[in-house]
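> Pasting the sequence and the predicted coordinates here, then a few questions.
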Amino acid sequence: MRLRPGSLGTSTLGALAALGILASPGCRIRRPAHDHTAQQVLYATTIGDPKTFNPVLVTDASSGGITGNLFEGLVRINPITNEPEAGLAESWDLKDGGKVITFHLRRGVKWFDGQPFTARDVLFTLRAIYDPRVPNSMRPILTVDGKPIEASAPDDYTVEMKLPRPFAPLLYSIGFEILPAHVLETALADGSFNRSWGIDTPPDKIIGLGQFRFRRYVPAQLIEFKRNTDYWMKDEHGGQLPRLNGQTLLIVQDQNAEYLRFLSGQTDVHNPQPPEVLDLRSKSASLKITLRKIGLDTGSLFFSFNRNPRHYVKGAGADPRLGWFTDLNFLRAIAHLIDQRSMVSLCFSGLGEPAVTEISPENKIFHNPNLKDYEYDPKLAAQLLEGAGYHLQKPGLRVDPHGHPLVFNLTTNAGNKLREQMCAIFKQDLANLGIQANYRPLEFTTLVEKLDTGFDWDCILMGFGGGGPEPNNGANFLRSSGNLHIWNPAEPKPATPWEAEIDKLLDQGAAEMDLHKRAPYYWRIQEILHDQLPILETVRQQRFSAWKNVLEGYDPTVWGLFKPEWMQFRIE
């Protein structure tokens, strides 16, 4: 699971001018000079600059979108069937009731510098993931009964993994991106691994084995990839993949600017926001594009309050906010102040639905359908606050039982028009009950730093990617020791009994090998989150995708792109 900024944007004249399309009345949108079809280069957008090029250290979607082009894992998950398929491992065998798994690696796979991919690279990557000096999101996902997976290599193209017990999520979690041992082993040994492959690293020094090589990064402008001519995958006729010659990601932090780039032909694919969907429907023929409804978002978009003691002053002048944000009466009152239906109508143009649980209804087996939403009810919210001693002292001013005014900071990623609108609605409903939320949106990378390392925030509206259909892939978020346990990251031990119960349920759910018998454990986790409110769910968006008709093989699903290596432009 990764922090996801969503689609961004506010309308500004500066953004339009930067695109070169702001002019006198009657002007026409200027078409790009380059021909994507002839060049076979796909142009898309990303919402912000990366934080790292080291895939083990990635916690955000911007960085993950880049490393996903450069690196690969042992196993892939088919986004249509949700079944594991061969990746760098061409096959695998299970023994001892699932406690031993042997991966047979592909031969002839080369790193960008020509060195062969071998079992040594797999063992090294696992060693980096389990190294306590390396903060990462994979360790909670690949921990079984608190223990690392034991891995060995009988030869250069065989990896054997031993687990303390059968581990149902293994094939859905083992797709982590493999690193080159011959490049980074020294850095792990001398303690410099966490500084390896930062965003100032020259592109030719990033050694991967994915379908594209890293060509160029210009901060705040673009990221370019070129085709890896030594890529291992072939098509059904033995033809070399990928079919595209390259990809270019334009860094665009403004939703309107992003949309205008698509309308003007500067980008080839676009994930439209709800207000854009109706417009694209009417323009699809003239623009020669395809617009497809994909399904409900598989991620989660929520408000959360900071429960991390490291954020607050202790002692005689203790900060009262920690007391509020851990008070279930306060949290339940706030949950009844989230006007989800107005958000769906006003922010999402009706293309969404209130979200009740952390797992999307698109996850047919693991979504808990039995939970009742916190209906928007300001009167009930006021009653809950009054009953808990949060009294309205005068119009516009509510105080806690010790007389402290209820004032806190509210943030989300700057430029995300939908989230900014949601925060505006939320802020007003809080104000109506005498609670002051000081709203200040932040640039996404700054926001991620506050969540990852600074822990300096009060209330946040944030989206998390779904992590695929396997619920254990959210263990870095759900487990009390997880680095993305957003309200109180990396707890040395569970801070509350209900967090300890979630930790136990994660272990139990991962130990059950029968798919349908696993579901109740994750249903119970959703019930706990619903009752204890470390996250307050908001809206789940109806997702659409749009792309140029000349782009063949572009097949988006709710779980990702199907066979992205097969994409190409049709030359007409």
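Cool, the structure landed. Numbers count the residues shown, from 1 in each chain.

> C-alpha from now on. contacts and neighbour counts both.
OK.

> quick one: contacts for residue 294?
542, 543, 544, 545, 556, 557, 558 (C-alpha atoms under 8 Å, 6 or more residues apart in numbering).

> So in that sheet, which strands flank the longest strand along the chain, and in what orientation?
For the chain, the longest strand by residue count, based on DSSP state E, is strand 539-548. With DSSP bridges as the test, strand 539-548 is paired with strand 269-270 (antiparallel), strand 289-296 (antiparallel), strand 352-354 (antiparallel).

> Can you lay out the ones you listed as a markdown table showing mean pLDDT and distance to residue 145?
Shown next, in a markdown table, are those (pLDDT from 0 to 100; distance: least, C-alpha to C-alpha, whole Å):
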| stretch | mean pLDDT | distance to residue 145 |
| --- | --- | --- |
| strand 269-270 | 97 | 42 |
| strand 289-296 | 97 | 33 |
| strand 352-354 | 96 | 35 |
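
> CSV for the ones you listed, including distance to residue 204?
Listed next are the strands paired with strand 539-548 as CSV, based on distance: least, C-alpha to C-alpha, whole Å:
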stretch, distance to residue 204
strand 269-270, 27
strand 289-296, 35
strand 352-354, 43
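
> so which of the ones you listed comes closest to residue 130?
strand 289-296 (34.3 Å; C-alpha to C-alpha).

> any idea how far the closest one is from the chain center?
Relative to its parent chain, strand 289-296 has a centroid offset of 20 Å by C-alpha atoms, centre = their mean, to the nearest Å.

> Before we move on, what's the pLDDT of residue 16?
Residue 16 is assigned 22 on the pLDDT scale.

> which element follows the longest strand of the chain toward the C-terminus?
strand 551-552 (DSSP states H and E).

> Partner strands of the helix or strand following that next one and their direction?
Later in the chain than strand 551-552, the nearest helix or strand by DSSP H and E is strand 556-557. Sheet pairing of strand 556-557 (DSSP bridges) gives strand 560-561 (antiparallel).

> what helices or strands is whichever helix or strand comes after the strand it pairs with leaning on?
As assigned by DSSP H and E, the chain's next helix or strand after strand 560-561 is strand 568-569. In terms of contacts (3 or more C-alpha pairs under 8 Å, 6 or more residues apart in numbering; DSSP states H and E), strand 568-569 is packed against helix 36-39, strand 551-552.

> These into TSV, with extra columns for distance to residue 83, mean neighbour count and mean pLDDT?
Formatted as TSV, the helices and strands packed on strand 568-569 follow (distance: least, C-alpha to C-alpha, whole Å; neighbours: other C-alpha atoms under 10 Å; pLDDT from 0 to 100):
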stretch	distance to residue 83	mean neighbour count	mean pLDDT
helix 36-39	33	15	94
strand 551-552	24	16	96
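
> Can you say which of these is nearest to residue 332?
strand 551-552 (48.0 Å).

> Identify the neighbouring strands of the closest one in the sheet and state each direction.
Strand pairing (DSSP bridges) places strand 551-552 next to strand 568-569 (antiparallel).

> next one: the strand it pairs with to chain centre, how far?
With C-alpha atoms, centre = their mean, you get 27 Å for strand 568-569.

> Stretch 273-288 now?
Worked out by C-alpha atoms, centre = their mean, stretch 273-288 lies 26 Å from the chain centre.

> Would you mark the buried spots in it?
273, 274, 277, 280, 284, 287 (16 or more other C-alpha atoms under 10 Å).

> Can you name the residues in contact with the lengthiest helix in the chain?
Assignment by DSSP state H gives helix 515-532 as the longest helix of the chain. By C-alpha under 8 Å, 6+ apart, the residues outside helix 515-532 that reach it are 328, 356-359, 365-368, 371, 471, 498, 502, 505-506, 508-510, 512, 535-536.

> ok, the nearest residue to residue 479 once chain neighbours are set aside to residue 194 distance?
Nearest residue to residue 479, sequence neighbours excluded (C-alpha to C-alpha, 6 or more residues apart in numbering): residue 503, at 5.4 Å. Computed as C-alpha to C-alpha, to the nearest Å, the residue 503 to residue 194 distance reads 27 Å.

> what's across from the most far-flung residue of the chain relative to its centre in the sheet?
The centre of the chain is farthest from one residue, residue 394, which by C-alpha atoms, centre = their mean lies 41.9 Å away. Note on residue 394: beta-bridge partners by DSSP bridges are residue 397.

> Now do it, the pLDDT please.
92.

> Make residue 1 into 66 and carry on from there
In the new count, where the first residue is 66, that last one comes out as residue 459.

> before we move on, the earlier item: tell me the helix or strand right after the longest helix of the chain.
strand 600-602.

> Please work out which residues outside that following strand touch it.
Against strand 600-602 from outside (C-alpha under 8 Å, 6+ apart): 365-370, 400, 420-423, 594-595.

> and stretch 366-379, average pLDDT?
89.

> same deal with stretch 216-235?
95.

> List the buried residues for it?
Of the residues in stretch 216-235, those buried (16+ other C-alpha under 10 Å) are 216-218, 222-228, 231-235.

> repeat for stretch 113-131
113-129, 131.

> Give me the subset of the residues you listed lying in helices.
Using DSSP H, these in helices are 126, 127, 128, 129, 131.

> Among the residues you listed, pick out the one closest to residue 555, please.
residue 126 (20.3 Å).

> Quick check: that closest one vs residue 270, distance?
The value you get for residue 126 to residue 270, if C-alpha to C-alpha is used, is 22 Å.

> Also residue 591?
43 Å.
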